Each structure stands twice: as structure tokens, then as C-alpha cells.
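Peer 1: show me how the following folds:
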Amino acid sequence: MPLWVFLVAAALLALFLGKTRAGKCIYMGGSNINATWFSGINTHRMVMLVYVISSLLCVLAGLIMMARFNSTRMGYGDTYLLLTVLAIILGGTDPNGGFGRVTGVVLALIALQVLSTGFNLMNISQHVSLAMWGAVLVVVLAFKQLKARFNDHRAVRLSKLAAALNPLTEKKEV
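Peer 2: As a prediction, the model looks like this:
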């Protein structure tokens, strides 16, 4: 049952973000909140909407956990924090905001669940698996940073090459 609730919630969220004006505004706001405000979008209402959606999804997760454990405690979701951040980053969401898709996060969650099941079958300690999740997160973030630097250097090289090959550009002597 929790799997079906997750799939329905993910599908509804993907439809909302991809097909509605409010969803596109949320992507714009995540990219650059000031530019979104200057383009005439009420960013305060948009941020409030994001918090409302987030709180509704948290309530849904809390209800599922309460039904599963038959009890409640304030810190039940704390153990999922690192895994959540890792799934978001692995799913292709930019940690600086603005870019990412629900389908990528769902695929990352499936991959992480398969790995977690493998860890459980191999009797790997929860502390070791938590350290492994942290190491994977650090490696992925470092890789994304190196890729961004490489792309920046490549763009500079290509623009210099294009300027050198274009006969219409003026050659300035220093």
C-alpha cells in the first residue's frame, strides 16, 4: 500500500510541476527568486505554496509511518534525512536550485532501495551503510562540481576558438 501511495503522490507532483502555471513558477523561483519576482510572479505566494505542498507530503509520510509502526514519535523520520538528500542529488536536482525532475528522483529512490536491500541481505551494519551513503553523497557532489568547472573551462576555450576563427571579428592589439 505505501508503494502505491508513493507512486500516486509522485505522479500527481510530476503533473503539477510540469503541466501547471504554478509548477513552472516554482521551477523559475528555484532557479532565481529575484528574476522570478521581477517577471511579475508573486514569489511570496509561490514560496508559501511550496511549503504547503511539502507539509502535505510530510503529513502523508507521517500517516504511513504511523500505520506501519503502530506508534508515533517525533524523530521517526530523522534516519531518512541523508537518504532523502542523496536521492534528490542522484535524481539530477541541482542543489543550487531550479532544475530537477520528479522522475529522476523516483528512479534514484528505486536504485537506493535496491542498494539498501542488498546491504540488508549482506548483513551490513546500519552505521556502515549510513557512512556509505554519506560517502556516495560527497563523491556525487564533488563529481558535479568538477563537471561544472570542466564545462565552464570548455565554454571559454570554445568561445576563444570561435573568436579566433571568425574573420569578421576585430583583432585588438594590446
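
Peer 1: could you list the domains of this structure?
Peer 2: Following the assignment in automatic domain parsing, the chain carries domains at 1-70, 73-163.

Peer 1: mean pLDDT lowest where, among those?
Peer 2: Mean pLDDT across the domains of the chain is lowest at domain 73-163; the value there is a mean of 88.

Peer 1: pull the distance from it to the chain's centre.
Peer 2: Between the centre of domain 73-163 and the centre of its host chain there is 8 Å, according to CA atoms, centre = their mean, to the nearest Å.

Peer 1: now the terminal residues of that domain, how far apart.
Peer 2: Separation of the first and last residues of domain 73-163 by CA to CA, to the nearest Å is 63 Å.

Peer 1: how about stretch 112-132?
Peer 2: With CA to CA, one end of stretch 112-132 sits 12 Å from the other.

Peer 1: buried stuff in it?
Peer 2: 112, 119, 129 (16 or more other CB atoms under 10 Å). Quick note: C-beta positions are derived from backbone N, CA and C, even for glycine.

Peer 1: in helices, which of the residues you listed fall?
Peer 2: In helices, judged by DSSP state H, the following of the buried residues of stretch 112-132 are found: 112, 119, 129.

Peer 1: reformat the buried residues of stretch 112-132 as a markdown table; add distance to Ala142.
Peer 2: Conversion of the buried residues of stretch 112-132 to a markdown table gives the following (distance: CB to CB, whole Å):
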| residue | distance to Ala142 |
| --- | --- |
| Leu112 | 19 |
| Phe119 | 23 |
| Ser129 | 20 |
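
Peer 1: who are the packing partners of the helix or strand containing Ala87?
Peer 2: When secondary structure is defined using DSSP states H and E, the element that contains Ala87 is helix 81-90. Other helices and strands packing on helix 81-90, by 3 or more CB pairs under 8 Å, 6 or more residues apart in numbering; DSSP states H and E, are helix 102-121, helix 126-165.
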